[in-house]
Structure formats: C-alpha cells, structure tokens
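A.B. asks: coordinates only, sequence not included:
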C-alpha cells in the first residue's frame, strides 16, 4: 500500500519537474504555479506513504537505504517549497526537482526489494541517519541554487541573453541561497556523520575500513568542509563556491550509489 | 451596427514625422474640431487621438468615410495643410478591424517602441476630452472602456513592458540581475559625461544608493556631487574607493583604460570578492575589457549595453505576439457585446411598455374587485407577470438572434413599429 502511495507521490514529482522545466524554458508563470501545486500534492502523498510505512512496520522508516532516500527527498521537497515561497523564486522547482529525481528514480523498485531487511534498530542509529538526511536535503538544494548561479553568471559574463537570463534570479540572491543551504546542511551532516563514527568505533574494529558508504561520506564531507571554510575566509564566493557545491553533490550521488551497490557494513 | 464603428488616421507606420508633427493639435483646437464635426450630424460619436506618433479619428457613423473625411479636412484646414496631399497616408478601418486597432493602440502593440506605457494615458486623455465635449455615446464608451481593460491585461499578463529599451536603463537592469535589490549598494561615478550621470540617476531611482563622484577637475566633481546629492572624492582616490563601492560608472575622456585588471584584482581582494559591476560608458573605453574575465567582476561597455537593448527589443516583440493573441480574442468577445448593445435599448423599452400596460390593467381589475383579499391580488400579479414574460420572450430572443446574425437593425425597426415604441437612442452603456 505505502509503495503505491509512494509511486503516486513520485509520479507527481516527475510531472512537477516536467512542468517546472517547461515553465522555465517557455517562461510560463502559469506552468510554474502548476508545478508548485503538483509538488505540494506529491509531498502530501509522500507524507502519507511514509506514515503508512511507519505504521505498517512499527518502526521509524529510515533504516534501509531506500527508506532513507525517500525521507531525504521528503525533507528536500519541504525545504525547496519553503525557499520557493520565501524568495519568491517560482522557477526554483526547475532546478531542485530534477536533482531530487536523480535521487529518487531508483526507489520504486528499491523500496519493495529492500524494504524488508531493516538493520540496526538502535535509537542512535536512527538519529545518525535522520541528521544526515536533513543535512543532505539542504545540500540537494545547495546544488540546485549553485546550478542556477553558474548558468546566470555565465550569461552575464558572456553578455548574451539566453532563455535562462530573464527567468533566473539575481546572482547575489543565488549566492546567498547557496551559502544558506550549505550553512544549514553542513552542521547536520557533520553531527550525523560523527554519531556514525562513534557508533562504528564501538561496534566495528575500524570506523572506515571496508565500508564504501563511510569512505564516500568522508570524501563528501571533506568537499563541503572545504567549500565552507573557503567561504569563511572570504575568498570563495560566487562561481568558485558554486562549482564546489556542484562537485559536492556529485560526490553525494556517488555516496548513495556506493551505499546501494556495494555491500559494506551498512548493508544495503 | 458594428460596421458603423470606424477609425481613420495616420501614424508612424504611414506618415513621416514632419507631417505628424504638423497635424498634431492642442486640446482646445481638438475641442473645436470635435464639436464642429459632431454638430454637422455626419457621425453620432467621435473621438480624436492626437500624439506625436499618431493622429487618429475614432467614431460611429452611418457613412464612416464621410465622417472621417470631414474630420481630417477640418484638421488640415486648421493647420493650413493640403488635405489631398495627406489623403493617401490615411488608413481607415471599420467594424471588427477598427475595434482591433483601438485595442492594439491602447495596449501599445502598435507603438513605435513596443510596450511603451505613455500611449494608454494618451488614449485615456483623448477619450476624456471627447467626453467633455459630449460627443461620446454608448458605443465609443463601451469600446474605450474595453480597450483600457484589454491594455491593462496585456501589460499584466505579458512582459511587454518589462525589459529596458534604453542604454542607461539596461545598465540598471543588469545591476539588478547581479545584486538583486539595489538598496544600500553604493555607486562610484568617474568622469562627468552626461550618459554616466544619467545612469547614476536611474540607479538612484531604484533605492537608496549613495553616490561618490570623482573627476579630474575637482570643482566639476563637487558640482556633479551636489546635483546627484552625492559625495565628491579626489580623482587620485578612486582606486581605493573600488574596495568600498558596488557599482562603478566610468565616463571620462581618457584616451586609454584608467582601470586595469590589476586594479580590480586588488579591489576584489580588499572587498572579500563581493561582486563589483563596471558600467563603462566612455568611448574609448575606460575599463580594460579583460576585467570581465575576473571572478565576481562584471564589466559592460556601451556596445554591450546596446546589444542588451536590442535583445530586450526582441523580447518585447516576443511578448507583443502573446499580446496580439490576447487582443484578438477580446475583439471577438467585444464584437458580440456590441451587437447586443444595438438591440438592448429596444428590449428595455419593450419591457417597460408591457410592464406599464400590465400595471394599469391590474389596477383596473382590482378597482372592480373591491373586496379582493391578499391571495387574489397576489394571483392577479403573478398571472399578469407571467403573461408579460411569455409575450416578451419571442421578440427578445428574435432581437438578440438577429443582431448576432447581423440584421438586428431591421428587427429593431419592425418591433418598434409593431409595439409602438418611441424611437429611443441608446444612452446607457452596457454593464
């Protein structure tokens, strides 16, 4: 049942992404509003799916990778909608929804296939995953705003007026948004990962060895840490910060991919 | 009836500026012309739009050619121009074409600079003038109210007026694309060129932007700073200033760049890479073009800004196309309404007539029934109203249908004759 509801939600997200991209390329405000409505509808269904699963399994549904990604998407969509509203960026959907779909398209099969083997049920494990998920959700949006920044910056530098120019917000707004999403996401990610390291230190011989998910997570954390400290010393603004945000997201995808493909100690 | 609506005129599309200038009339002269032409009885309604880009006569007349011919003859005579020389330049439109034209003009789809906002105000003024001369009837009233509504829709539902079509506004628009809100941003103006000053003024209009002025001649810098309510700074100090300000406008007569890549690099370091926007209005250029290649530095020269204007023009054309579609739909709807407008007065007076008869007859019947109770009175009322409504139904439907089919006038005459309705000229505009 929850898988069906989840499929409905995912379909709504896909349709919303298509509408958002359409609104962006053809600059149609009405399509953008439609996309936002679809996103909200999808998110409501998604909430339903998560709750149903929670009730079905009588545990917090963040213990398998598929469940975690599902919750990650749920949080990211919520953040994304808030940003759309807060910054009046009607075209934001065209950037964060595809990023979310990049995460989510493996799920319909994954949810069913991997659903029944929950692992470690300890409270700390749930907190570990939940914190990381909130962090990652912010970083997905970090990626969306960075892509917008790069596109807009290129057009202003090139002195050309492409389709993007008129639809995209101001550079400073986008740079600010990249910074906000990073500063929100990074602490969650850091604390979440630290909790993981502590638990691993207790139960595994070595915290990292032989676990691809952990190794990729560390790389991802390093990329984001570098971006944030570059920003903090005042040199990495604008384009450079945006490139790092995009690189960080690529590692994020690899990390999740590693979690899905390799059977490390996180299981799959 | 729709075919009695006409527009005739000349505009930037049909006539050279010299002729338009010569023909354009001031308000009091227009008043005379309006009253004179309407007084001759060649038209039932009239309005003249006279701007530097167009002189147009809108009106309602049985024979449109006669009406606008008279109007233009009168106007050319007023100006001592030869009407026959002007005649080939005049375009005329009637019926749906005239309605379309009125909508397009008001919506600025026929303007020289597409989407320029002044024309709507000019049309409104022309309409108000005609109203004050009492030469506007229900048709022009309906036409113009609808034209204003359509113009508003075009402006809000398309982006026809959104993008800058002048160099200095293009600079402002770019600043907004870089900084978002311009509130609190600071401007450094180097040199005292007129274009630079204009750009600074446009920027100031966008928010509270402190302006610093640097010029080789100290007194000129002070003077300009006073004009712009800004602060004068020594010319030698403009480089350190670049660490503080956000927008630098250059318009000096220096023969070679005064701002080099090295200067900007130093400034960016000092300002922690906060973006810096150069608007280089000078020719030859004051800012080395390679500055634009630095991260967080943006540099636009006059040619760049001109190409922005060109692409904005194309953008307006694109939006204008959407406006055209919207306008065409509205013309269709309005033509239908106009047809109803023709028969509505007859329907109203027919109803009034029958209602009058009904009331009289009910009163007489009640007079013969002194002991009638409330129920009887009520029954009489209901009965008589039902009869009136049933009788009215046929003619009403016939009138509406025939007007939509284009021969409403004939049926207006037939029905007025049959029911003995007084010939009533339409006075009230439709809702």
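C.D. replies: Looks like it came in fine. Remember, predicted model here, so these are calculated numbers, not experimental data.

A.B. asks: Just the residues contacting the helix or strand where residue B:409 lies, thanks.
C.D. replies: Using DSSP states H and E, residue B:409 sits in helix B:408-419. With CB atoms under 8 Å, 6 or more residues apart in numbering or on different chains as the test, helix B:408-419 has contacts from B:1, B:339, B:342-343, B:346, B:350, B:353, B:395, B:398-399, B:402-403, B:421, B:423. For glycine as for every other residue, the C-beta is placed from the backbone atoms N, C-alpha and C.

A.B. asks: What residues sit buried inside that helix?
C.D. replies: B:408, B:411, B:412, B:415, B:416 (16 or more other CB atoms under 10 Å in any protein chain shown).

A.B. asks: likewise stretch B:172-188?
C.D. replies: B:172-180, B:182, B:185-188.

A.B. asks: hmm, back to that, could you export the buried residues of helix B:408-419 to TSV, including columns for distance to residue B:74 and pLDDT?
C.D. replies: TSV is the format used below for the buried residues of helix B:408-419 (distance: CB to CB, whole Å; pLDDT from 0 to 100):
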residue	distance to residue B:74	pLDDT
B:408	32	79
B:411	36	85
B:412	32	85
B:415	38	85
B:416	34	86
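
A.B. asks: which regions of the stretch 1-150 of chain B lie under the pLDDT threshold?
C.D. replies: Along the stretch 1-150 of chain B, segments meeting pLDDT under 70 span B:1.

A.B. asks: And the strands in it?
C.D. replies: Using DSSP state E, counting those that start in this stretch, the strands of the stretch 1-150 of chain B run over B:5-11, B:45-50, B:54-60, B:91-94.

A.B. asks: cool, and the stretch 251-400 of chain B?
C.D. replies: B:276-280, B:297-301.

A.B. asks: Please work out which of those strands is packed deepest.
C.D. replies: strand B:276-280 (a mean of 26; mean count of other CB atoms under 10 Å in any protein chain shown).

A.B. asks: Starting from that strand, tell me which strands it pairs with and how they run.
C.D. replies: strand B:247-250 (parallel), strand B:297-301 (parallel) (DSSP bridges).

A.B. asks: Run through the stretch 251-400 of chain B and note the low-pLDDT ranges.
C.D. replies: In the stretch 251-400 of chain B, no residues with pLDDT under 70.

A.B. asks: For chain A, what's its nearest residue on it.
C.D. replies: residue B:272 (3.7 Å; CB to the nearest CB).

A.B. asks: which phi and psi does that residue have?
C.D. replies: Torsion angles at residue B:272 (phi, psi; degrees, to the nearest 10) stand at phi 50, psi 40.

A.B. asks: For burial, what's the neighbour tally of it?
C.D. replies: Residues contacting residue B:272 under the criterion other CB atoms under 10 Å in any protein chain shown number 13.

A.B. asks: now do residue B:80
C.D. replies: For residue B:80, using other CB under 10 Å, the count is 7.

A.B. asks: Check the spacing between it and chain A real quick.
C.D. replies: Relative to chain A, residue B:80 is positioned 48 Å away (CB to the nearest CB, to the nearest Å).

A.B. asks: same check, this time on residue B:411
C.D. replies: 42 Å.

A.B. asks: next one: residue B:224
C.D. replies: From residue B:224 to chain A the distance is 28 Å (CB to the nearest CB).

A.B. asks: No further questions, thank you.
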